[in-house]
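J.: what's the 3D shape of this:
(one chain, ligands or ions: 1)
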Amino acid sequence: MNNAIFNFNTPQNEPILGYLKDSKERKSLFEELNRLQKSNIEIPCIIGGKEYFTGDTSEVTLPHDHKKSIGKFHKVTERELDIAIKSALEAKKIWSELSWTVRASILLKAAELISTKYRSLVNAATMLGQSKNIYQSEIEAVCETIDFLKYNAFFATKIYETQPKSSFNQLNKMEFRPLEGFVFSVSPFNFTAIAANLNMAPVMMGNTTIWKPASTAILSNYYLMKIFMEAGMPAGVINFVPGKGSLIGEKVLNDPLMAGVHFTGSNDTFNHLWRQVGQNLTKYRSYPRLVGETGGKDFIFVHPSADPQEVAANAVKGAFEYQGQKCSAASRMYIPSSLWPEIKKILLDMCNDIKMGDVMDPDNYVNAVIDESAFDNITGYIEYARSSGDAEIIFGGNADKSEGYFVEPTIIETTDPYFKTMQEEIFGPVLTIWVYQDGDIDKAVEICDNTSPYGLTGAVFSKDRIAASKICEKLKYSAGNFYINDKPTGSIVGLQPFGGSRASGTNDKAGAEFNLFRWVSPRSIKETFQPATDFRYDYMSKG
Ligand code: NAD
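T.: Numbering: from 1, shown residues only. Okay, the predicted model is just below:
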């Protein structure tokens with residue numbers, strides 16, 4: 001028994017290691033990269049703590065060297081999905097009854113393992129499987145995952161300590177029950193940390209999950225699962241079911257005890273899942289919680305008072321890091337004509353210095369895009385711009401998929417602020433620029449607000465603080481994460497809770513207690529000390 005009231009302090013965010021030449025961490029990382037490439041790994045489904053080798057397999061390939069397979073993974077079938085649902089429900093009985101501090105301690109231990117023993121492994125798996133350079137992997141696969149785990153334990157404290165007041169003759173309490181059933185976690189390819197959080201946020205609050213990882217992130221996601229188990233996660237709390245999305249979605253969403261969907265990925269997939277839930281609505285025991293973070297068409301708006309050097313550097317980082325495959329990547333930019341010549345020169349000079357290639361060469365700032373369909377989609381947009389009279393490719397525009405899926409960082413200048421590449425999510429290293437006349441700035445801000453259906457991230461660059469504040473106000477629904485004089489990417493757990501509205505999702509703010517609230521169903525309990533003994537009120541005549 002333990003009747004102490006626990007208090008988890010605000011965590012420190014995980015420090016980012018430098019990976020300088022000859023550093024210990026760089027040596028260890030390269031050993032792991034070399035080992036993994038030769039590992040010929042065989043990845044099973046993991047359900048109820050047991051491994052399932054279904055025999056229906058796909059290769060684990062590297063986006064920057066796609067003919068090379070480093071192993072295979074087994075895909076789930078309907079039979080294992082039945083077992084997964086049963087396991088999740090069975091494990092829930094024990095997991096939800098466990099003291100929440102024990103659940104927190106498992107998350108904190110997983111964070112510790114990733115910070116130390118498995119740091120190189122998590123980075124190497126993310127770098128190889130998802131084609132990320134060292135820095136891009138370190139900031140998210142390692143640091144952001146650790147931050148999510150630690151902050152989830154901390155934010156759970158905040159939720160559990162939220163209690164109503166009690167008045168005369170009564171005691172009032174709130175219990176934060178996990179949802180009645182299981183949670184379906186569906187993760188995207190682009191962030192290892194998101195895959196961790198899509199499971200661990202509901203799990204922290206006493207839920208169990210069925211986890212559908214993206215096939216293109218299978219390597220890092222498998223190791224996360226193994227680390228969670230080593231940290232003490234009991235069998236069946238998270239059930240790892242790689243495989244075909246449509247098969248898994250159809251089966252899992254059809255179960256009456258499906259209590260919530262925790263999703264990050266494209267709009268099309270989320271809309272499809274939402275529709276499926278709608279069709280099954282009368283089957284469910286409860287109204288499922290639908291939490292989904294989806295696409296973005298993120299912008300940088302430049303005020304005439306901005307510093308051209310700062311604008312150019314942040315545009316390059318915001319648009320081209322991780323090949324623009326961030327939901328928050330800068331993909332459209334509004335620049336005043338007075339600053340354009342100077343910004344353009346600096347921007348093109350910087351782009352000329354960008355190296356692209358394999359993740360094994362740390363000098364490569366840009367690596368490959370995730371797969372062939374992403375490559376074809378991105379190059380389709382570039383070709384569209386090339387053949388249009390309303391646009392000019394002012395940098396890059398070349399691509400080659402013979403060895404890896406490489407797309408050059410590409411800058412398009414358009415004369416049409418509503419040009420297709422100003423509106424649609426491309427999810428690749430493509431930045432479109434529209435130059436506005438300085439005198440038309442109010443109109444340009446309005447255009448920025450109404451150009452795209454999304455509302456995820458956006459930035460304003462301005463030395464004029466009043467102007468920045470006015471633009472921030474006018475664009476209040478254009479971005480759920482808004483930046484003043486910074487790039488629109490790189491939010492940090494606990495510091496900038498993340499998520500957008502409009503078509504960008506349900507804006508439940510990953511990395512904050514808002515998200516955790518979605519995974520509980522509170523119960524209010526009132527106890528009366530002296531219950532009523534008469535149905536009438538005193539003011540009524542008793543004579
Ligand atoms: P995706 O929609 O293609 O896939 C996401 C996941 O859904 C994958 O695991 C996939 O296998 C699964 N899936 C696909 N069809 C399914 C079905 N019918 N039933 C169940 N699962 C199904 O997205 P992606 O390509 O992995 O990720 C890129 C997208 O994610 C971009 O649009 C990006 O903007 C978005 N994203 C958003 C955020 C955010 O926080 N807003 C963060 C990262 C990525």
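
J.: only C-alpha atoms for contact and neighbour calcs from this point on.
T.: Noted.

J.: Over to the residue lying closest to G48 once chain neighbours are set aside. Which of the three states is it?
T.: Closest residue to G48 apart from its sequence neighbours, by C-alpha to C-alpha, 6 or more residues apart in numbering: G236 at 3.7 Å. What DSSP: H, G, I helix; E, B strand; the rest coil gives for G236 is coil.

J.: Also A104?
T.: Looking at A104 with three-state DSSP, the answer is helix.

J.: Those residues of the stretch 251-400 of the chain touching the ligand, which are they?
T.: With C-alpha under 6 Å from any ligand atom as the criterion, the stretch 251-400 of the chain meets the ligand at residues T264, G265, S266, T269, E293, T294, G295, G296, C327.

J.: Now with 8 Å, please.
T.: Contact residues (C-alpha under 8 Å from any ligand atom) of the stretch 251-400 of the chain with the ligand: 263-270, 272-273, 292-296, 325-328.

J.: Any of those buried? List them.
T.: 263-267, 269-270, 273, 292-296, 325-328 (16 or more other C-alpha atoms under 10 Å).

J.: So which of the residues you listed are in helices?
T.: N267, T269, F270, L273 (DSSP state H).

J.: which one of these is nearest D438?
T.: Set against D438, the nearest of these by C-alpha to C-alpha is N267 (34.8 Å).

J.: List the contacts of the nearest residue to Q323 once chain neighbours are set aside.
T.: Among residues not flanking Q323 along the chain, P429 sits closest, at 4.7 Å (C-alpha to C-alpha, 6+ apart). By C-alpha atoms under 8 Å, 6 or more residues apart in numbering, P429 lies in contact with A319, F320, E321, Q323, G324, Q325, V407, E408, P409, T410.

J.: just V302 next, same as before
T.: Counted by C-alpha under 8 Å, 6+ apart, V302 has contacts V311, M333, Y334, I335, P336, V460, F461, S462.

J.: Most widely separated two among the residues you listed?
T.: The farthest-apart pair in the contacts of V302, when distances are taken by C-alpha to C-alpha, is M333 and S462, at 13.8 Å.

J.: Just the residues contacting stretch 281-291, thanks.
T.: Contact partners of stretch 281-291, identified using C-alpha under 8 Å, 6+ apart, comprise 180, 254-263, 274, 277, 505-508, 518-519.

J.: Now with 10 Å, please.
T.: With contact meaning C-alpha atoms under 10 Å, 6 or more residues apart in numbering, stretch 281-291 is reached by 179-185, 198, 253-264, 270, 273-275, 277-278, 505-510, 515, 518-521.

J.: do the same with stretch 83-94
T.: By C-alpha under 10 Å, 6+ apart, stretch 83-94 touches 45-49, 76, 78, 80-81, 95, 98, 178, 180-184, 203, 206-211, 234-241, 251-252, 255, 257-258.

J.: just checking, which of those residues belong to strands?
T.: 45-47, 178, 182-184, 209-211, 238-240, 258 (DSSP state E).

J.: Put together CSV for those residues, with pLDDT and neighbour count on each row.
T.: Below are the ones in strands among the contacts of stretch 83-94 laid out as CSV (pLDDT from 0 to 100; neighbours: other C-alpha atoms under 10 Å):
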residue, pLDDT, neighbour count
C45, 98, 25
I46, 99, 24
I47, 99, 25
P178, 98, 26
F182, 99, 32
V183, 99, 33
F184, 99, 27
T209, 99, 33
I210, 98, 27
W211, 99, 27
I238, 99, 32
N239, 99, 28
F240, 99, 26
M258, 98, 27
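
J.: Secondary structure class of the residue nearest the centre of the chain, three-state.
T.: Using C-alpha atoms, centre = their mean, the residue of the chain that lies closest to the mean C-alpha position is I194, 4.0 Å off. Classification of I194 using three-state DSSP returns helix.

J.: That one contacts P188, correct?
T.: Yes - counting by C-alpha atoms under 10 Å, P188 is a contact partner of I194 at 7.6 Å.

J.: Find residues that contact each of the two.
T.: F263, T264.

J.: residues of the longest helix along the chain that come out buried?
T.: Scanning the chain for the longest helix, with DSSP H as the assignment, gives helix 78-97. For helix 78-97, burial by neighbour count (16+ other C-alpha under 10 Å) applies to 80-81, 84-92, 95-96.

J.: give the contact list for C472.
T.: For C472, the contact set (C-alpha under 10 Å, 6+ apart) comprises V445, G458, A459, V460, I466, S478, A479, F482, Y483, I484.
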